[in-house]
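> sequence and computational prediction follow.
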Amino acid sequence: MTARNLAFTVFSIGLWAVLLVVSRIVLLLFQLDPWSFTFVQMISGGGLLILFSAGGIVNWQALRRPSTWIYGVLRVTSAAAYTAALVHVSVVHSGLLGAINITLGIIGAFLFFGRRPKRAELPGHLLIMVGIGLLTTRLAGGWQNPAVLLMLISEVAVVASSLIAEK
């Protein structure tokens, strides 16, 4: 990895972190509907990508593949559920709850591609699940906190979209 790529990666991670924190602040401060807020974010981001790609090669054939549309729906579902979870928990808590996608990814890889996890990985997955369980019991409302279900929906969508992309 070049120094330029590393700098870009660190900058992108920082920007993403700021976006999440600002999103939570805006959602709570202005009592915005998280679903509409996500729609505005996705349209804005998509519009910027189209602007930045002006003059680039467009692969219109991709729009004919059902996998393109399924992937898109899953990514929007993931973003919307994650944003909705930010109304109920902090960015740190949502990020920790989101760690479930690691274990879900292993399960998905096993179910769809027949890849068995290595025995050495299992303690790590057990630790993730115990950690998420303990965190969830400490949230306001515990397991009844809407963020728990919203983050599960978000991470299932992330894993499903990753499996589609890999296939």
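Received, thanks.

> where do the helices sit along the chain?
For the chain, applying DSSP state H gives helices covering 3-29, 34-52, 66-85, 91-97, 100-113, 122-138, 146-166.

> of those helices, which is nearest residue 58?
Residue 58 sits nearest to helix 34-52 of all the helices of the chain, at 9.6 Å, using Cβ to Cβ. C-beta: built from backbone N, CA, C; applies to glycine.

> tell me the average confidence for that closest one?
The pLDDT scores in helix 34-52 average 89.

> same deal with stretch 13-28?
Here the average pLDDT along stretch 13-28 is 93.

> ok, the spatially closest residue to residue 142 that is not a sequence neighbour to residue 153 distance?
In this structure, residue 142 finds its nearest non-sequential neighbour in residue 136, 6.4 Å apart by Cβ to Cβ, 6 or more residues apart in numbering. Per Cβ to Cβ, to the nearest Å, residue 136 is found 15 Å from residue 153.

> neighbour-wise, which of these two wins?
residue 136 (20 against 17; other Cβ atoms under 10 Å).

> isn't that one up against residue 97?
Yes. Judged on Cβ atoms under 8 Å, residue 136 makes contact with residue 97 at a distance of 7.3 Å.

> quick one: low-confidence ranges for this protein?
Across the chain, nothing is flagged by pLDDT under 70.

> now residue 30: how far from residue 16?
Noted for residue 30: a distance of 21 Å to residue 16, by Cβ to Cβ.
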